[in-house]
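K.L.:
A structural model of the following input is requested.
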Amino acid sequence: MIKLLEWTGERIIPKQLKPTNGMLLEHIARYYFATPYIHGRVLDIACGTGYGCHMIAKERKREITEVIGVDNDRETIEYANREYNHQKVTYAVEDALDPDLPARLGLFDTILSFETIEHLEDDRRFVHSLYQMLKPGGTLVLSTPFGRGRGMQTSEPFHVHQLTPEEFKELFAPFSFSEIQFYYQRGVTFEQPREGVRYFIGVAVCLK
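P.N.:
The predicted model follows:
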């Protein structure tokens, strides 16, 4: 049985959690937030146990052609194949920072990356790889928790670092996205920034 916490970070296993679990509700809320943007060929990178891939395949069955769910833990992908199988979903074991990933996976209309970059040493390289895999006109939806900044120690045992809100916005500046909108998650709600409000999770919606 998969442990709730693993290196790739706070594995969410809905079947082992109460429906009212706060972390579960926050994770599900991110998929619901992204739903209107999801179409065509979809990549969910660091998909974990696969509940999100299964959810969007059901919610957007008329708008999508296929969903590729990628995670670097083989046991987790095996669990996803068993518990969240769907005819439009394919799961694969891959390294998010593998430079050959774009060549292997190809291009996507929608890319989802939830709570991933805080686990990676080179978040800039990761976003560059996502940009390469995104079709012109495609949409990237990416979220991450905020913290003390790149290279700074974090209290979360599975996080390499947590960007500041300013660093999060700067992360997308080198890329030629035609439009970027930033949102902030508070529990299960999403809003654009307000003066004097402290936010813990940032979400970027980037149109190429």
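K.L.:
now do the strands in the chain.
P.N.:
Assigned by DSSP state E, the chain shows strands spanning 40-45, 64-71, 89-93, 108-114, 134-145, 179-186, 189-191, 201-207.
K.L.:
how far away from the center of its chain is the shortest one?
P.N.:
Which is strand 189-191. The chain centre lies 17 Å from the centre of strand 189-191; the measure is Cα atoms, centre = their mean, to the nearest Å.
K.L.:
and for residue 85, the neighbour number?
P.N.:
Residues near residue 85, counting by other Cβ atoms under 10 Å, number 13. Every residue, glycine included, has its C-beta placed from N, CA and C.
K.L.:
distance check, it against residue 104.
P.N.:
Look at residue 85 and residue 104: by Cβ to Cβ, to the nearest Å, they are 22 Å apart.
K.L.:
same thing with residue 54?
P.N.:
Distance, residue 54 to residue 104, using Cβ to Cβ: 23 Å.
K.L.:
ok, these two, which is more surrounded?
P.N.:
Using other Cβ under 10 Å as the criterion, residue 54 and residue 104 rank with residue 54 on top: 21 against 11.
K.L.:
how many other residues sit next to the nearest residue to the more buried one once chain neighbours are set aside?
P.N.:
Nearest non-adjacent residue to residue 54, counting by Cβ to Cβ, 6 or more residues apart in numbering: residue 84, 3.8 Å away. Neighbour count for residue 84, taken as other Cβ under 10 Å: 22.
K.L.:
any chance of the backbone angles for residue 84?
P.N.:
Torsion angles at residue 84 (phi, psi; degrees, to the nearest 10) stand at phi -130, psi 50.
K.L.:
please list all residues in contact with it.
P.N.:
Listed by Cβ atoms under 8 Å, 6 or more residues apart in numbering, the contact partners of residue 84 are 49, 50, 51, 53, 54.
K.L.:
distance to residue 25 and pLDDT for those - can I get that in CSV?
P.N.:
Converted to CSV, these look like this (distance: Cβ to Cβ, whole Å; pLDDT from 0 to 100):
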residue, distance to residue 25, pLDDT
49, 16, 92
50, 18, 94
51, 12, 92
53, 18, 97
54, 17, 96
